[in-house]
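K.L.:
Would you be able to build a 3D model of this:
(chains A and B)
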Amino acid sequence: MTWNRRRYATWLLAVMPVVLVGCTVEKIETPAAGAGSETSAPATSTEEVRRIQIDGSSTVKMITAAIGEEFEGKFSDVKIALKVTGTGTGFKEMIAGRIDIANASRPIKESEQADCTKNGIELLPLTIALDGLTVCVNKENDWVDAVTVAQLRKIWEPGSTVRSWRDVDSSWPDHPISLYGPGEESGTFDFFTEAINGKEDAIREDYSPSADDNVTVTGISGERGGMGFFGCAYYFANQDKVKALKISPTDNITDAVAPTAETVKSDQYKPLARPLFIYVKKASLARQEVQDFVRFYLNEGQRQVSAVGYIELSEEQLKASRDAFAAAIR
Amino acid sequence: MNIPMTTSEPRYVARSVSFYSGADRSIRRRLFLSRVFAGACRFVTYGSLIVLVVLLTAIVWSSLDRLSPDFVYSTNSSDPDKAGMLAGLWGSFWLVLFTALFSVPIGVGSAVYLEEIARDSFAVRVIKTNLSNLAGVPSIVYGILGYTVFRSAAAVLKVWFDGQHAFNVMGLFRLRLIKLPIYEDNILVGALTLTLVVMPTVIAAAQEALRSVPGSIRMASLALGATRWQTIWRQVIPAALPGISTGVILSTSRAIGEAAPLIMLGALTITTMVPGNIDSPLKLITRPTQVLQAPLDQFTAMPIEIYDWSRQTDSQFTAVAASGIMVLLVVLLAINAVALIVRHYASRRLKW
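P.N.:
Residues are numbered from 1 along each chain as shown, chains lettered A, B, ... in the order given. Sure thing, here's the model as predicted:
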């Protein structure tokens, strides 16, 4: 009886199912961490990969990335897994329980909060920096330095008939106006439409939206009649290319305020100044590395805020965030 | 392939015709049109070439500031002088490796079935027509599909295999399985999605290659008493191998440039992590458990990093993004070179 290939195959096919049926995969019970066994808890956590999952806003990501990098340098056994999908998607991931921290350029919506509560996810909102949305025009635009909120609304409101600068103010030249800004997936867009047009997502349809603020900058700097808005970091990085407008919250143009670190911090730059947040899952704060990271974020990390072009919180605001964090980990 | 023919043909006609029928207006007119057409073709070819050259020069120029060996050896950073591509390179390496592993057997198998085995039934015709439709579907759609199917499957696996497991063989002995952390947004999920993206192209290329094998080879093989399987396996596939391998490698180089479906799946945007912590080729051999871990790890890829760099506020990141594009291009050229070499060796083996 020779053992050729076919015979092998037949035997194997006959024996395999019998063996496989007898096999099971069983879970080896490890002593539950956090069941009062203080000594075993650190031992298991060092074996595991210590990774902090973060998702959300592309604005806040700049700050989180810079702080995260510094943090990784100091705590070499912790890694930051950072995704950038936008504030709304970040909250969705948080609701699904997949991430520890959500970067957000706007406060959480009631519906999102309700979904979190429904899934038993408690959040700790922390204000971590300030941003002043900057409305910019072309460098060669010599007729406008300041605008009122009413004028901005006239330009940007849904169904706006403004085609040239003269349509806004009769003393301005009859130069065609071309508008640029972020698209509707952006938290910046949500905030601007709410602050200027009074209703979120309400905006004229014929502006040029772009997910990339560098494109908006290029658009404004390429056309004499160009106008657009973005976070202050893009303005600070492109001051040689575009001109920021002073904005007056009242109808009196002399009340106009320029977007600077001081005016945003002292709450004079209205209504386009906004706080930036991180939302930390309270359950994740039980993990030492998340706690360390948030503490680092609110202390040493804060110097990165201005380094990446955003505006640091005032003393009281920072203290409020630190207090909220201290209360949450107590 | 045919373009040199069309450009040289009119000249040949012009020389042979012009000496005896100079007054034939119809011929003149047709020759003129033919020359205009040849000129238009030349213009289109060189025009796109010029655009390519301009783009490449611009990228090379702006990458000069940053491109250096340590750009490839260091991971991402918010400091443009330190930002590097290591994590993206390794992420793309694993992605392409697994995409090829999945797409080659399935793609070539489907092509063999469609070309060699299937009868011309209604179902087969529907599949053949829809293959070219699938090739035109935007990759983000496959990203959504991958998110709902593969990522959800990975999430289920993650729940099953959370913790340490053992494999019990008929109650006789237990094999303790290595504990691997599983992430639902892992490389396998990404590779499976990219497999969907490139599959139509792989199948089309393989079909084309199989069709180019002369029917007489099949008939000769069958006439000599070979079975259909032996004919396909020993005659048709070796003969089609140059075409198949070129198609496969060109479509994997498409996979390497995809960002949208990966972002959709939840690939990391900014990370210093390399999958499985394998940051040098040597560790592929010396760290077997990490090699096992890599496909189940989170990842980022080269195009995602480039996309992120191009969106940074700091204009110095333009140079970083350009350097990233240069590295991506070099990798692509290397892959295409492999395609050429494989093609060369595979076609040398053909004896007829």
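K.L.:
Point out where the chain drops to low pLDDT.
P.N.:
By default, I'm working from chain A. Applying pLDDT under 70 to chain A flags residues A:1-3, A:28-49.
K.L.:
actually chain B
P.N.:
Scanning chain B for pLDDT under 70 picks out B:1-23, B:162-164, B:178, B:351-352.
K.L.:
all strands of the chain, in order?
P.N.:
All of this refers to chain A. Assigned by DSSP state E, the strands in chain A fall at A:24-28, A:50-56, A:78-82, A:101-104, A:123-132, A:134-138, A:146-148, A:178-181, A:208-209, A:226-230, A:242-244, A:246-248, A:273-281.
K.L.:
The intended chain is chain B.
P.N.:
B:164-169, B:173-176.
K.L.:
so which of these is the most packed in?
P.N.:
Ranked by mean neighbour count, those are led by strand B:164-169 with a mean of 15 (mean count of other Cβ atoms under 10 Å in any protein chain shown). The way it works is simple: take the backbone N, C-alpha and C, and place the C-beta from them, glycine included.
K.L.:
That one vs chain A: in contact?
P.N.:
Yes: contact of strand B:164-169 with chain A (Cβ under 8 Å from any Cβ of the partner chain) involves B:164, B:165, B:166, B:167, B:168, B:169.
K.L.:
So which elements touch that strand?
P.N.:
Applying 3 or more Cβ pairs under 8 Å, 6 or more residues apart in numbering or on different chains; DSSP states H and E, one finds that strand B:164-169 contacts strand A:24-28, strand B:173-176.
K.L.:
gap between residue A:17 and chain B?
P.N.:
Residue A:17 is 12 Å from chain B, where distance means Cβ to the nearest Cβ, to the nearest Å.
K.L.:
That residue - how many residues pack around it?
P.N.:
9 (other Cβ atoms under 10 Å in any protein chain shown).
K.L.:
Could you do residue A:222 as well?
P.N.:
Around residue A:222 sit 12 other residues, with neighbours defined as other Cβ under 10 Å.
K.L.:
Next: residue B:90.
P.N.:
Counted with other Cβ under 10 Å, residues neighbouring residue B:90 total 27.
K.L.:
Check residue A:69 too.
P.N.:
Residue A:69: 22 surrounding residues under other Cβ under 10 Å.
K.L.:
same question, residue A:297
P.N.:
Residue A:297: 25 surrounding residues under other Cβ under 10 Å.
K.L.:
In contact with it, which residues?
P.N.:
A:64, A:67, A:71, A:126, A:128, A:278 (Cβ atoms under 8 Å, 6 or more residues apart in numbering or on different chains).
K.L.:
quick one: contacts for the second one?
P.N.:
Contacts for residue A:67 (Cβ under 8 Å, 6+ apart) come out as A:296, A:297, A:301, A:304.
K.L.:
Over to the last one?
P.N.:
In this structure, residue A:278 makes contact with A:60, A:64, A:101, A:102, A:103, A:104, A:125, A:126, A:128, A:294, A:297, judged by Cβ under 8 Å, 6+ apart.
K.L.:
how far away is residue A:236 from residue A:136?
P.N.:
11 Å (Cβ to Cβ, to the nearest Å).
K.L.:
Could you report the separation of the closest residue to chain A within chain B from residue B:269?
P.N.:
At 3.3 Å from chain A, residue B:170 is the closest residue in chain B, using Cβ to the nearest Cβ. The spacing between residue B:170 and residue B:269, counted by Cβ to Cβ, is 47 Å.
K.L.:
do residue B:145 as well
P.N.:
Residue B:145 sits 21 Å away from residue B:269, going by Cβ to Cβ.
K.L.:
which residue sits closest to the residue in the stretch 201-330 of chain A that chain B sits nearest to in space, ignoring its chain neighbours?
P.N.:
Taking Cβ to the nearest Cβ as the measure, the stretch 201-330 of chain A has residue A:237 as its residue closest to chain B, at 4.1 Å. Leaving out its chain neighbours, the residue that sits closest to residue A:237 by Cβ to Cβ, 6 or more residues apart in numbering or on different chains is residue B:313, at 4.1 Å.
K.L.:
residues contacting the one you found?
P.N.:
By Cβ under 8 Å, 6+ apart, the residues touching residue B:313 are A:62, A:213, A:214, A:233, A:234, A:236, A:237, A:238, A:308, A:309.
K.L.:
Swap in 7 Å and give it another go.
P.N.:
A:233, A:234, A:237, A:309 (Cβ atoms under 7 Å, 6 or more residues apart in numbering or on different chains).
K.L.:
Please report how far the second one lies from residue B:267.
P.N.:
In this structure, residue A:234 lies at 25 Å from residue B:267, with Cβ to Cβ as the measure.
K.L.:
quick one, which of these two is more surrounded?
P.N.:
When residue A:234 and residue B:267 are compared for neighbours, residue B:267 comes out ahead with 26 against 23, by other Cβ under 10 Å.
K.L.:
Domains of the chain: list them as residue ranges, please.
P.N.:
The chain I'm using is chain A. Domain assignment for chain A by automatic domain parsing gives A:49-130+A:275-329, A:134-271.
K.L.:
To clarify, I was referring to chain B.
P.N.:
Per the record, chain B has its domains at B:1-63, B:71-348, by automatic domain parsing.
K.L.:
among the ones you listed, which is the most enclosed?
P.N.:
Comparing those by mean count of other Cβ under 10 Å gives domain B:71-348 as most buried, with a mean of 18.
K.L.:
Report the distance from that one to the chain centre.
P.N.:
On the basis of Cα atoms, centre = their mean, to the nearest Å, domain B:71-348 sits 7 Å off its chain's mean C-alpha point.
K.L.:
Just the terminal-to-terminal distance for it.
P.N.:
End-to-end distance of domain B:71-348 (Cα to Cα, to the nearest Å): 39 Å.
K.L.:
Could you check how far the closest residue to residue B:302 other than its chain neighbours is from residue B:76?
P.N.:
Nearest residue to residue B:302 in three dimensions, chain neighbours excluded: residue B:88, at 4.1 Å (Cβ to Cβ, 6+ apart). Taking Cβ to Cβ as the measure, residue B:88 falls 8 Å from residue B:76.
K.L.:
intersection of neighbour lists for those two?
P.N.:
residue B:305.
K.L.:
ok, which residues in chain A are in contact with chain B?
P.N.:
A:19, A:22-28, A:30, A:48-49, A:65-66, A:69, A:72, A:79, A:81-84, A:212, A:214, A:233-234, A:237, A:308-309 (Cβ under 7 Å from any Cβ of the partner chain).
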